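> Here is my input, please return the structure:
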Amino acid sequence: MTEDTVSSTYAKRVGERLRAIRKQKDLSLQEVEATSMEEFKASVLGAYERGERAISVPRLQRLAQFYSVPVDHLLPGDIPPGGEVIDLEGASVEGRSEPRLFDDEERIRIDLQRLDGLDTPERELLSRYLTQIQRQRQDYNGRVLTIRREDLRALACVFEMSPEILRRRLQDLGVRLPT
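As a prediction, the model looks like this:
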């Protein structure tokens, strides 16, 4: 493989990540342009996403700030020969296939927007913990996050309550959504 071919392939993979994050944020190219006050033109962002144009590091940093994600999450992970990157939770990172499903008692959907609006002692700790889960999963939709049984157990320990009591508390706070 030539250096140009490798660069072109990498630019396409970066573009795929940029598109995936934008779509998780539920934004169109035109909405990014408008919301960024035309800092990111739709046509240029589209060229980045298609891998037709390489994005500079400063632009990548600004785009990460705009999307409120760590800059390294806009870059593709290493892909083993002939393989797709798979995270430890069983969800495909590069292709963003559906995560392994759990039964309803093993997962809880959290409304992140409602959580941000809370004025309770639990809010800050919950927000920090859930932000770490989002970073680990590279999930930046910013509206809903599904936490798993292990996450619920860990949070319950931190709050010194049983998982069932925490489940009810999240319901009482109005941040737990139906599964």
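
> where in this protein is pLDDT low?
For the chain, applying pLDDT under 70 flags the ranges 1-6, 77-106.

> got the residue ranges for the helices in it?
With DSSP state H as the criterion, the chain has helices at 3-24, 29-35, 42-50, 57-67, 112-117, 122-137, 149-158, 163-173.

> quick one: contacts for the residue nearest in space to the middle of the chain?
By C-alpha atoms, centre = their mean, the chain has its centre lying nearest to residue 139, at 1.7 Å. Contact partners of residue 139, counting by C-beta atoms under 8 Å, 6 or more residues apart in numbering, are 24, 133, 145. Using the backbone N, CA and C atoms, a C-beta is placed for each residue, glycine as well.

> Let me know the closest of these to residue 40.
Comparing the contacts of residue 139 against residue 40 with C-beta to C-beta places residue 24 closest, at 16.2 Å.

> quick one, domains of the chain?
Using automatic domain parsing, the domains assigned to the chain come out as 3-74, 104-177.

> how about the helices of the chain, which one is nearest residue 75?
helix 3-24 (6.2 Å).

> tell me the angle of the closest one relative to helix 57-67?
20 degrees (axes from the mean of the first three to the mean of the last three C-alpha atoms, to 10 degrees).

> how much space between residue 145 and residue 41?
According to C-beta to C-beta, to the nearest Å, residue 145 stands 31 Å off from residue 41.

> Which one's more surrounded, these two?
Using other C-beta atoms under 10 Å as the criterion, residue 145 and residue 41 rank with residue 145 on top: 20 against 14.

> mind listing what the nearest residue to the more buried one once chain neighbours are set aside touches?
Closest residue to residue 145 apart from its sequence neighbours, by C-beta to C-beta, 6 or more residues apart in numbering: residue 110 at 5.0 Å. Taking C-beta under 8 Å, 6+ apart, we find residue 110 in contact with 126, 130, 144, 145, 146, 147, 170, 175, 176, 177.
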